[in-house]
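Q: Coordinates only, no sequence provided:
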């Protein structure tokens, strides 16, 4: 099977998987117990019978199941997400405000975690059994086992409260001398529902200042998993015959470790990295709460507390879609890294 057929098969599989996820998401919210109308009204029995009928008709609850399903699939695929049940604002606008913050925090922390974990994992695998190996494994196990809220609170206490090196929350500081609270951007334009700002140097540095502590929190929690995974796969790869052959040819040890061993041990790492990026838009609920970071994680928690079903519908769909796309990209990388998968 050639590369084109392999990609075509994965695309067809991905399309069917998207429809399956949409169907499952629809069923979950249809069978959820309770009456959301009473919650939105504030207390049970506060709605008159006429008002209940009016709301049921307005929100489409009285439509046949197949009609609701077709409308739901159509709306999800065309990005017609409706309005928040609590604020009345368009859901797509609410999510568009939180997405950049989550992408910034989760993207930076995920990339740093993978780079640090894989690099250290390859090094300690090469020097397995030594003091460096023992120390790095012990340290990574500790940071990987600690809860993120505890790591975040300790960092806040030390660097935010005691030393006052970093802010204790939010995404950016507030400048009272400017009407919008932010320095004028270098450029600003809108793509679909997203407002793209190219901030000034002053604002960029301030955002990086606010980003430091939550990023360090997530990196300390995440990098250990990649270190341990890389170490395990590398130790197995370093004992293979082709590694002995590469060394016998006189290749430098750095080339043997990173070009030969790491490449052949990378499939489990690719899977883990793809899942990490797939769940990136789910946010980090605990970390975002500790640092008052207005991202999708905090939005998810708020929507759960307030029974804001329209927002939850969209958030679950976006998270599932990102995971599916990430797995699709991982499948393509498998075919590039390991020809046996592409032509098997």
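A: Looks like it arrived, so ask away. This one's a predicted model, so the numbers in the text were calculated from it and none came from an experiment.
Q: Would you mark the buried spots in stretch 111-119?
A: For stretch 111-119, a neighbour-count test (16 or more other C-beta atoms under 10 Å) marks 112, 113, 114, 116, 117, 118, 119 as buried. All C-beta atoms are positioned from the backbone trio N, CA, C, and that covers glycine.
Q: Can you give the contact residues for it?
A: Contacts with stretch 111-119, where a contact means C-beta atoms under 8 Å, 6 or more residues apart in numbering, come from 140, 215, 218-219, 222-227, 229-230, 262, 269, 273, 276.
Q: tell me the average confidence for it?
A: Mean pLDDT, stretch 111-119: 89.
Q: And it, how far out from the chain middle?
A: Distance, stretch centre to chain centre, for stretch 111-119: 16 Å (C-alpha atoms, centre = their mean, to the nearest Å).
Q: before we move on, what about stretch 77-90?
A: How far stretch 77-90 lies from its chain's middle: 22 Å, per C-alpha atoms, centre = their mean.
Q: got it, and stretch 4-19?
A: Distance of stretch 4-19 from the chain centroid (C-alpha atoms, centre = their mean) equals 23 Å.
Q: Can you point out the buried residues in that stretch?
A: In stretch 4-19, residues buried by neighbour count (16+ other C-beta under 10 Å) are 6, 10, 17, 18.
Q: pLDDT at the nearest residue to the second one once chain neighbours are set aside, what is it?
A: Translated: residue 10. Nearest non-adjacent residue to residue 10, counting by C-beta to C-beta, 6 or more residues apart in numbering: residue 331, 4.9 Å away. For residue 331, the pLDDT comes out at 75.
Q: Relative to residue 169, how far out is residue 331?
A: Separation of residue 331 from residue 169 (C-beta to C-beta, to the nearest Å) stands at 39 Å.
Q: cool, and residue 29?
A: Counting by C-beta to C-beta, the gap from residue 29 to residue 169 is 33 Å.
Q: Which of these two has more residues huddled nearby?
A: Between residue 29 and residue 169, residue 169 has the larger neighbour count (other C-beta atoms under 10 Å), namely 17 against 14.
Q: pLDDT weak spots in the chain?
A: Applying pLDDT under 70 to the chain flags residues 1-3, 33-49, 51-53, 55-61, 192-194, 281-283, 335-344.
Q: that older thread, any chance of the buried residues of stretch 4-19 in a markdown table, plus secondary structure and distance to residue 314?
A: What follows is the buried residues of stretch 4-19, written out as a markdown table (DSSP: H, G, I helix; E, B strand; the rest coil; distance: C-beta to C-beta, whole Å):
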| residue | secondary structure | distance to residue 314 |
| --- | --- | --- |
| 6 | helix | 32 |
| 10 | helix | 26 |
| 17 | helix | 18 |
| 18 | helix | 15 |
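Q: Contacts only, for the most centrally placed residue in the chain.
A: Centrality entry for the chain: nearest residue to the mean C-alpha point is residue 280, 0.8 Å, by C-alpha atoms, centre = their mean. Residues in contact with residue 280 (C-beta under 8 Å, 6+ apart) are 102, 103, 106, 107, 110, 322.
Q: Between the buried residues of stretch 111-119, which sits nearest residue 211?
A: Taking C-beta to C-beta as the measure, residue 211 sits nearest to residue 112 out of these, at 11.2 Å.
Q: Tell me the secondary structure of residue 190, please.
A: Of the three states, residue 190 takes strand under DSSP: H, G, I helix; E, B strand; the rest coil.
Q: residues near the residue nearest to it when sequence neighbours are not counted, how many?
A: Spatial nearest neighbour of residue 190, chain neighbours left out: residue 196 (7.0 Å); criterion: C-beta to C-beta, 6+ apart. For residue 196, the neighbour count with other C-beta under 10 Å is 11.
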